[in-house]
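>>> okay, here's the prediction I keep looking at, along with the sequence it came from:
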Amino acid sequence: MIRIENVSMKFDLGIEKNFSLKELLISIFSKKKRNKKSDFWALKDISFNVDKGEVVGLIGSNGAGKSTLLKVVSGVMKPTKGKVIVNGVISPMIELGAGFDMELTARENIYLNGAILGYSKKFLEKKFEEIVEFSELRDFLDVPVKNFSSGMTAKLAFSIATVVDPEILIVDEILSVGDIKFQEKSKKKMESMIGGGTTVLYVSHSLDAIKEICTKVIWLEHGKIVMMGDAKKVCDAYYKVQMK
Amino acid sequence: MIKSIFINFKKYWFLLTQLISRDFKVKYKRSILGVVWSLLYPILMMSVMAIVFSQMFRFKVEGINYLVYLMTGLIMFNYFSEATTTAMTSVISNFTLINKVYIPKYIFPIAKCMFVGINFVLTLIPWIGIILLSYVGLGEYTCHINWYYLLLPYIFFCMFLFTVGIGLLLSCISVFFRDMLHIYGIVITLWNYLTPVFYSIEILPKKLQALFELNPLYQFLSSARSIVLYGKCPSALTLLIIGAIGIVTLAIGALVFKKNQDKFVYYV
């Protein structure tokens, strides 16, 4: 389903420096060459497989490379080295609502965001009711999203993102969306998606949630895999090191 | 390769229409006249330009209807100018999306060129109105209406391809080199004056004329004008050349964009 082979990802932190003409000229004329040490490897030689139906959790402290890894898998970034092979339709739930236009109404945003996520027009027309129903925002359909509370925006985004039955689901810490009632509902929805045989890549800082739904856990630190395997074992080891 | 382009296009066509309709909605939200502005704005703008150039500056081109001459130049150049300028910023301003979800990035500049293109097609309505008015006797000289008009869509389409090519190129460059946003503002103003929009190329010395003819926009403008104002079909060579300009520019833009698009995420 997903094969990651020796993937490395380099960021040039010095890139910021050449953003304007003035600085470009300075860097041409000044003798000091750009500091080569500004290279930053967010991922170093990562390899793993995810089989169909597996639910894989990613853990690690902030800046360990979890989100970068998700972006590489979803195709947003091309790895500097290595190969990423993905078979199947991906539904990326990375930062919900990134595709919203705040000036547009909820109704308009359902279509826009759906198109961004790769849904077809037919599919959206068919599922429109379901999205509205799940989001509990029927009364606000024709209100511009800029007037929404952050919880309402998140609910709408979650409803649009989860209306598909994707073969591969990429989730970046979104289960805690909306009020308690909606949280329960969204958790159930996720569970039913997972139960339906979807392959899941799941990033979270909540070890309880990871242990509950994941069959396998990968622990990342400084761009490297520290440990990979049984969910409970890896989570416990991670917890021990973090709390030391 | 052509097949994969076609499949991709089909796949993302819905997204393209959504992006274009978003532009329309956002542009006219909260304005009382709404989409009527798409028609009204060019009419009013043209009226202002017409008064300034034909009444105040007393510009004219011998033997033809100057008003139509000016309008033709204006709407075509304005299309190019507005489409390329908005296409240039389209990748940068959609960065939050590009960084989160996989979308083919070329879709943003193309959507902008098409959105402005729809506005351009709307401006053709008052333009044709003025041509018809000149036909019934407004102004000294009448325009020509003939079968060559069927070539106009071809000319506009070539200009569209040229515009998309430049738009792709600019949107790519501006990601790596932000100063482009400011530089292009100057470039487009200069380009405006170097293109015979409100004057005739004939007022220039012969040597300079040859140089000005190298301007692709001049080729598009003069082809359209020769049909509307002189009733003459552009030569087969000219038609071939403008087609080539469109296709080659688009190919260069697409190639440069494709080569660099994977690096966008690090720079924006």
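Here it is on my side, so go on. Numbering: from 1, shown residues only, chains lettered A, B, ... in the order given.
>>> now for A:Ile110: which residues touch it?
Taking Cβ atoms under 8 Å, 6 or more residues apart in numbering or on different chains, we find A:Ile110 in contact with A:Leu124, A:Phe128, A:Ile131, A:Val132, A:Leu156, A:Ile160. (Each C-beta comes from the backbone N, C-alpha and C, glycine too.)
>>> low-confidence ranges, the stretch 101-250 of chain B, go.
B:137-140 (pLDDT under 70).
>>> kindly report the residues of it close to chain A.
Within the stretch 101-250 of chain B, the residues that sit near chain A (Cβ under 8 Å from any Cβ of the partner chain) are B:Val101, B:Tyr102, B:Ile103, B:Phe177, B:Arg178, B:Asp179.
>>> would you mind listing which of those are buried?
Buried subset of those (neighbour count, 16 or more other Cβ atoms under 10 Å in any protein chain shown): B:Val101, B:Tyr102, B:Ile103, B:Phe177, B:Arg178.
>>> adding secondary structure, write those out as JSON lines.
Formatted as JSON lines, these follow (DSSP: H, G, I helix; E, B strand; the rest coil):
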{"residue": "B:Val101", "secondary structure": "coil"}
{"residue": "B:Tyr102", "secondary structure": "coil"}
{"residue": "B:Ile103", "secondary structure": "coil"}
{"residue": "B:Phe177", "secondary structure": "coil"}
{"residue": "B:Arg178", "secondary structure": "coil"}
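>>> chain A: which of these is nearest?
Out of those, the one with the shortest distance to chain A is B:Tyr102. That distance is 3.9 Å, counting by Cβ to the nearest Cβ.
>>> which non-adjacent residue is nearest that closest one?
Leaving aside its sequence neighbours, B:Tyr102 sits nearest to A:Gly75 (Cβ to Cβ, 6 or more residues apart in numbering or on different chains; 3.9 Å).
>>> likewise B:Met88?
Beyond its immediate neighbours in the sequence, the residue positioned closest to B:Met88 (Cβ to Cβ, 6+ apart) is B:Leu170, lying 4.0 Å away.
>>> for that neighbour, give me its contacts.
Applying Cβ under 8 Å, 6+ apart, one finds that B:Leu170 lies in contact with B:Thr84, B:Ala87, B:Met88, B:Pro109, B:Met180, B:Tyr184.
>>> list the buried residues of the helix or strand hosting it.
Secondary structure assignment for B:Leu170, by DSSP states H and E: helix B:152-176. Buried positions in helix B:152-176, judged by neighbour count with 16+ other Cβ under 10 Å: B:155-156, B:158-176.
>>> got it, and stretch A:127-143?
Residues A:Lys127, A:Phe128, A:Ile131, A:Val132, A:Phe134, A:Ser135, A:Glu136, A:Leu137, A:Phe140, A:Leu141 are the ones in stretch A:127-143 that count as buried (16+ other Cβ under 10 Å).
>>> which residue ranges form the helices in chain A?
Listed in chain order, the helices of chain A (DSSP state H) span residues A:21-29, A:66-74, A:106-116, A:121-135, A:150-161, A:180-195, A:207-213, A:231-243.
>>> scratch that, the stretch 51-200 of chain B
Chain-ordered helices for the stretch 51-200 of chain B, with DSSP state H, counting those that start in this stretch as the definition, fall at B:66-93, B:95-98, B:107-135, B:152-176, B:180-194.
>>> thinking again about what came up before, possible to save the helices of chain A as a markdown table with mean pLDDT?
Shown next, in a markdown table, are the helices of chain A (pLDDT from 0 to 100):
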| stretch | mean pLDDT |
| --- | --- |
| helix A:21-29 | 69 |
| helix A:66-74 | 88 |
| helix A:106-116 | 91 |
| helix A:121-135 | 92 |
| helix A:150-161 | 87 |
| helix A:180-195 | 82 |
| helix A:207-213 | 85 |
| helix A:231-243 | 88 |
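>>> could I get those helices as a markdown table with distance to A:Glu221?
Rendered in a markdown table, the data for those read as follows (distance: least, Cβ to Cβ, whole Å):
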| stretch | distance to A:Glu221 |
| --- | --- |
| helix A:21-29 | 34 |
| helix A:66-74 | 10 |
| helix A:106-116 | 33 |
| helix A:121-135 | 37 |
| helix A:150-161 | 29 |
| helix A:180-195 | 26 |
| helix A:207-213 | 15 |
| helix A:231-243 | 9 |
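>>> so which of those helices gets nearest B:Ser235?
Judged by Cβ to Cβ, the one of these that comes nearest to B:Ser235 is helix A:21-29, at 42.7 Å.
>>> and stretch B:228-245, how far from the chain's centre?
In terms of Cα atoms, centre = their mean, to the nearest Å, the gap separating the centre of stretch B:228-245 from the centre of its chain is 17 Å.
>>> contacting residues around it?
For stretch B:228-245, the surrounding residues in contact (Cβ under 8 Å, 6+ apart) are B:64-65, B:68-69, B:72, B:131, B:143-144, B:146, B:148-149, B:151-152, B:154-155, B:158-159, B:162, B:216, B:219-220, B:222-223, B:226-227.
>>> would you mind writing the CA trace of that stretch as CSV?
Backbone C-alpha positions of stretch B:228-245 (Å, rounded to 0.1, in the frame of the first residue of the first chain) are rendered in CSV as follows:
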residue,chain,number,x,y,z
VAL,B,228,-11.9,45.2,-37.9
LEU,B,229,-10.6,48.5,-39.2
TYR,B,230,-9.2,47.8,-42.6
GLY,B,231,-11.4,44.8,-43.6
LYS,B,232,-8.3,43.0,-44.5
CYS,B,233,-7.4,39.4,-43.7
PRO,B,234,-4.0,39.1,-41.9
SER,B,235,-1.5,37.3,-44.2
ALA,B,236,-1.3,33.5,-43.8
LEU,B,237,2.3,34.1,-42.5
THR,B,238,1.1,36.4,-39.8
LEU,B,239,-1.5,34.0,-38.7
LEU,B,240,1.1,31.3,-38.6
ILE,B,241,3.5,33.5,-36.6
ILE,B,242,0.9,34.4,-33.9
GLY,B,243,0.0,30.7,-33.6
ALA,B,244,3.7,29.9,-33.1
ILE,B,245,4.2,32.7,-30.6
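>>> show me what counts as buried in that stretch.
Those would be B:Val228, B:Leu229, B:Pro234, B:Leu239, B:Ile241, B:Ile242, B:Ile245, for stretch B:228-245 by 16+ other Cβ under 10 Å.
>>> ditto for stretch B:186-195
Going by neighbour count (16+ other Cβ under 10 Å), the buried part of stretch B:186-195 is B:Ile188, B:Trp191, B:Asn192, B:Thr195.
>>> tell me how far that stretch lies from the chain's centre.
Between the mean C-alpha location of stretch B:186-195 and the chain-wide mean there is a distance of 14 Å, by Cα atoms, centre = their mean.
>>> burial measure for residue 75, as a count.
This is for chain A. Other residues within reach of A:Gly75 by the criterion other Cβ atoms under 10 Å in any protein chain shown amount to 14.
>>> not what I meant, chain B
Neighbourhood size, B:Ile75 [other Cβ under 10 Å]: 21.
>>> if I look at A:Gly114, how far off is chain B?
From A:Gly114 across to chain B, the span is 8 Å (Cβ to the nearest Cβ, to the nearest Å).
>>> show me what contacts that residue?
A:Gly114 is in contact with A:Phe123, A:Leu124, A:Ile160, counting by Cβ under 8 Å, 6+ apart.
>>> what does A:Tyr238 give?
Applying Cβ under 8 Å, 6+ apart as the definition, the contact partners of A:Tyr238 turn out to be A:Ile59, A:Gly60, A:Leu207, A:Trp219, A:Val226, A:Met227.
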